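A.B. asks: I would like the atomic coordinates for the input below:
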Amino acid sequence: MTIADLSQARWRKSTRSNGGGQCLEVGYVSEVVGIRDTKDRHGGTLAVDRATWASFVRTIKQGHLDG
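C.D. replies: Got it, this is the predicted structure:
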């Protein structure tokens, strides 16, 4: 398994975040997208390739994950 180096990632949080403490940040670097909890930025980070992230976002926008 390869560990992604996200030390140079530019992290951003959704403009729709309401300050309720349940936010995620997304960071992009090269071909890797990192996802982390804003409450624990030094905790675990999920790293996926850009194609996987794009597919996930597309699925959300299409409403396929609505419960």
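
A.B. asks: residue 17 in helix, strand or coil?
C.D. replies: coil (DSSP: H, G, I helix; E, B strand; the rest coil).

A.B. asks: against residue 9, how distant is it?
C.D. replies: 18 Å (CB to CB, to the nearest Å). No exception for glycine: its C-beta is placed from N, CA and C like everyone else's.

A.B. asks: what about the helices in this protein?
C.D. replies: Taking DSSP state H as the criterion, the chain contains helices spanning 50-61.

A.B. asks: before we move on, back to that, give me the more crowded residue out of residue 17 and residue 9.
C.D. replies: residue 9 (20 against 13; other CB atoms under 10 Å).

A.B. asks: check contacts around the closest residue to residue 48 other than its chain neighbours.
C.D. replies: Of all residues not flanking residue 48 in the chain, residue 33 sits nearest, at 5.5 Å (CB to CB, 6 or more residues apart in numbering). Shown in contact with residue 33 (CB atoms under 8 Å, 6 or more residues apart in numbering): 26, 27, 47, 48, 49, 50, 52, 53.

A.B. asks: go again with 10 Å.
C.D. replies: Going by CB atoms under 10 Å, 6 or more residues apart in numbering, residue 33 touches 4, 6, 9, 26-27, 46-54, 56-57.

A.B. asks: tell me where the chain is predicted with low confidence.
C.D. replies: 1, 67 (pLDDT under 70).
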